[in-house]
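**Q** Predicted model follows, preceded by the sequence.
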Amino acid sequence: MSDPHIDSIYSQYRERVPDFVFDENVVSVFDDMIRRSVPGYATVIAMTKVFAQHYSQPNSNCYDLGSSLGASTVAMRRGIDKPNCKIISVDNSEAMVSRCREIVASEVSDVAVDVVLADIGDIEIQRASVVVMNYTLQFFKPENRDSLLKRIYDGMLDGGAILLSEKVEFSDTKEQDFQLNMHLDFKRLNGYSETEVAQKRKSLDNVLISDSIKTHFERLESVGFKNVYLWFQCFNFVSIVAFK
Ligand SMILES: C[S@@+](CC[C@H](N)C(=O)[O-])C[C@H]1O[C@@H](n2cnc3c(N)ncnc32)[C@H](O)[C@@H]1O
């Protein structure tokens with residue numbers, strides 16, 4: 001019998017590939033899926049702990065927006081060493097939130113975590129010292145991205161940091177082809193078949209809309225963030241940090 005935690009969702013050929021959703025089936029294989037699909041994921045999660053340690057402030061909130069199973073939440077929780085910090089983890093997938101609550105509850109910590117089932121466009125950001133959005137903005141409606149970032153900025157404390165990790169597009173065709181082909185080879189080498197690679201791409205066509213690094217920088221700066229840095233890149237996946 002196949003391992004129920006190994007991602008084989010797109011292994012069978014389908015006549016029509018439905019749009020990707022973060023449902024119960026994805027939840028059961030999510031950890032395997034994201035590690036085999038996102039180059040640099042493990043590094044970004046490990047460094048999320050370092051950012052949380054460095055930039056969390058006493059008596060503040062730390063947000064994990066699009067928390068999925070809480071990998072970034074758990075990393076932040078292990079990094080935070082200031083008194084009276086609370087993590088608020090938000091996801092709009094019921095299946096993700098319910099499993100995330102179990103994972104968070106299984107670890108003993110002084111740092112409180114509230115796992116909230118909500119759209120990140122609807123929540124209030126308050127007294128935030130650290131905001132983490134790892135691979136989530138790309139799933140948020142492009143026309144609402146500016147206003148979301150502005151609300152996040154407004155809800156942050158001075159000196160606060162936002163960590164934004166995303167898949168990105170390149171305007172130079174040669175670079176786009178290079179980065180994309182390296183990403184697809186990364187997936188093949190991680191055991192995904194041509195059918196899986198092709199069907200997963202199709203399922204994400206209308207769902208994952210990526211911006212360029214330039215667009216991310218301009219958006220962050222336009223809502224007020226200062227000192228916007230690209231601190232990590234692995235092929236077409238990047239992580240940016242910006243400060244209030
Ligand atoms: C690629 S996963 C994020 C991975 C996660 N941050 C991590 O580090 O492991 C994207 C997540 O964002 C959630 N999501 C997408 N759009 C959302 C929205 N508008 N509001 C809340 N959550 C959203 C999805 O349900 C999914 O769990």
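**A** That came in fine, so what should we check first?

**Q** how near is the residue most central in space within the chain to the ligand?
**A** For the chain, the residue nearest the mean C-alpha position is residue 134 (2.2 Å; C-alpha atoms, centre = their mean). Residue 134 is 4 Å from the ligand, where distance means C-beta to the nearest ligand atom, to the nearest Å. C-beta coordinates here come from the backbone N, C-alpha and C atoms, glycine included.

**Q** I figured that residue hits residue 48, correct?
**A** Yes. Using C-beta atoms under 8 Å, residue 134 is in contact with residue 48, at 6.9 Å.

**Q** How about the backbone phi and psi for the residue nearest to the centre of the chain?
**A** Recorded main-chain torsions at residue 134 are phi -90, psi 110, according to degrees, to the nearest 10.

**Q** got the contact list for stretch 108-126?
**A** The contact list for stretch 108-126 (C-beta atoms under 8 Å, 6 or more residues apart in numbering) reads 61, 63, 65-67, 70, 73, 76-78, 80, 85-92, 94, 97, 100-101, 104, 131, 133, 136, 140-141, 144, 148, 151-152, 154-156.

**Q** Need the three-state assignment for residue 232.
**A** Secondary structure, DSSP: H, G, I helix; E, B strand; the rest coil: residue 232 is strand.

**Q** Check the gap between it and the ligand for me.
**A** Distance from residue 232 to the ligand, counting by C-beta to the nearest ligand atom: 13 Å.

**Q** Pull the number of nearby residues for that residue.
**A** Using other C-beta atoms under 10 Å, residue 232 is surrounded by 16 other residues.

**Q** So what's the residue count around the closest residue to it other than its chain neighbours?
**A** Leaving aside its sequence neighbours, residue 232 sits nearest to residue 239 (C-beta to C-beta, 6 or more residues apart in numbering; 4.1 Å). By other C-beta under 10 Å, 23 other residues sit near residue 239.

**Q** For residue 239, I want the exact helix or strand it lies within.
**A** Residue 239 is part of strand 237-243, with elements assigned from DSSP states H and E.

**Q** hey, which helix or strand in this protein has the poorest pLDDT?
**A** In the chain, no helix or strand scores lower on mean pLDDT, DSSP states H and E than helix 194-204, which sits at a mean of 89.

**Q** Any regions of the protein where pLDDT drops low?
**A** Scanning the chain with the threshold set as pLDDT under 70 gives 1.

**Q** What parts of it come near the ligand?
**A** 22, 34, 66-68, 71-72, 90-93, 96, 119-121, 134-136, 139-140 (C-beta under 6 Å from any ligand atom).

**Q** Give me the buried entries from the contacts of stretch 108-126.
**A** Buried residues within the contacts of stretch 108-126, counting neighbours by 16 or more other C-beta atoms under 10 Å: 61, 63, 65-67, 70, 73, 76-77, 80, 85, 87-92, 97, 100-101, 104, 131, 133, 136, 140, 148, 151-152, 155-156.

**Q** Could you tell me which of the residues you listed are located in helices?
**A** Residues of the buried ones among the contacts of stretch 108-126 located in helices (DSSP state H): 73, 76, 77, 97, 100, 101, 104, 148, 151, 152.

**Q** which of these lies closest to residue 5?
**A** Residue 5 lies nearest to residue 100 out of those, by C-beta to C-beta, at 15.8 Å.

**Q** separation between the closest one and residue 167?
**A** Distance from residue 100 to residue 167, counting by C-beta to C-beta, to the nearest Å: 22 Å.
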